[in-house]
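Chemist: Okay, sequence plus prediction incoming.
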Amino acid sequence: MPTAGFLNDVQGAFYRDGIWHLYFLYNGDARYDNQGNQIGGNGSEWYHVTTSDWVKWKYEGVAIHKYKTAWGDIASGSIYIDFDNRFGKGANTVIVFATGYGGDKGQNIMGYYSTDNGYNFSPLQSDPIMRHPTNDPNTNFRDPFLFRMGDTWVMYVAEGDKIGMYTSNTPMGGYRYVGGYFPPHPLLECPALFEMDV
């Protein structure tokens with residue numbers, strides 16, 4: 001921990017110009033009593049650390065701040081490097097799709113971008129990229145994993161007992177449900193895919 005607080009859920013990393021950029025969920029307002037009960041404030045955000053060797057780390061500070069939109073604090077998501085400017089913020093912009101915890105609005109999918117190599121992020125838009133289908137704050141619709149296959153955008157979303165699969169022809173909206181994966185052991189969180197040659 002860089003200071004007192006709460007650390008959770010590594011959010012992924014990317015490599016640029018000899019430096020690895022890694023993020024984790026962080027709540028600098030969290031405090032705990034002697035029994036381990038939280039007595040401080042709530043709300044997670046993305047903290048940024050860098051390394052060139054995975055041994056020595058530099059604490060860069062919060063990169064995506066909580067409560068910067070009306071859709072709550074920032075939870076888990078995924079990183080996408082926009083090599084060919086599909087989001088219109090410039091080539092090689094760092095894009096993040098993450099969960100917004102909006103209180104009674106439920107869990108929604110928010111977008112953020114960075115044009116300074118991932119040190120500071122701003123919202124892509126003020127409203128969610130994809131809203132919770134029911135706005136039920138007690139059901140899961142979180143941890144988006146975004147990738148592109150040709151001209152199709154694919155997003156996997158953790159929905160409790162399944163991973164929902166959504167596609168769109170544009171990254172900023174219009175996602176439609178195309179199916180789900182129901183494994184034998186829910187609760188499901190943080191879907192991530194890696195392409196392998198086998």
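Modeler: Received the coordinates, thanks. A quick note: this is a predicted structure, and the numbers were derived from the prediction, not measured.
Chemist: ok, what's across the strand from the most centrally placed residue in the chain?
Modeler: Centroid-nearest residue in the chain, with Cα atoms, centre = their mean: Gly77, separated by 2.1 Å. Note on Gly77: beta-bridge partners by DSSP bridges are Ala98.
Chemist: How much space separates it from Ile129?
Modeler: Using Cβ to Cβ, to the nearest Å, Gly77 is found at 10 Å from Ile129. For glycine as for every other residue, the C-beta is placed from the backbone atoms N, C-alpha and C.
Chemist: anything in contact with each of those two?
Modeler: 97, 109 (Cβ atoms under 8 Å, 6 or more residues apart in numbering).
Chemist: Distance check, the residue lying farthest from the centre of the chain against Gly41.
Modeler: Most distant residue from the mean C-alpha position of the chain: Asn34, 31.3 Å away (Cα atoms, centre = their mean). Distance of Asn34 to Gly41, computed by Cβ to Cβ: 19 Å.
Chemist: State the mean pLDDT of stretch 160-175.
Modeler: Averaging pLDDT along stretch 160-175 yields 95.
Chemist: ok, now which ones touch the nearest residue to Arg16 once chain neighbours are set aside?
Modeler: Excluding its sequence neighbours, the residue lying closest to Arg16 (Cβ to Cβ, 6 or more residues apart in numbering) is Asn117, at 5.9 Å. When contacts are counted by Cβ under 8 Å, 6+ apart, Asn117 touches 16-17, 21, 94.
Chemist: let's go with 10 Å and repeat that
Modeler: 14, 16-17, 19, 21, 50, 92-94 (Cβ atoms under 10 Å, 6 or more residues apart in numbering).
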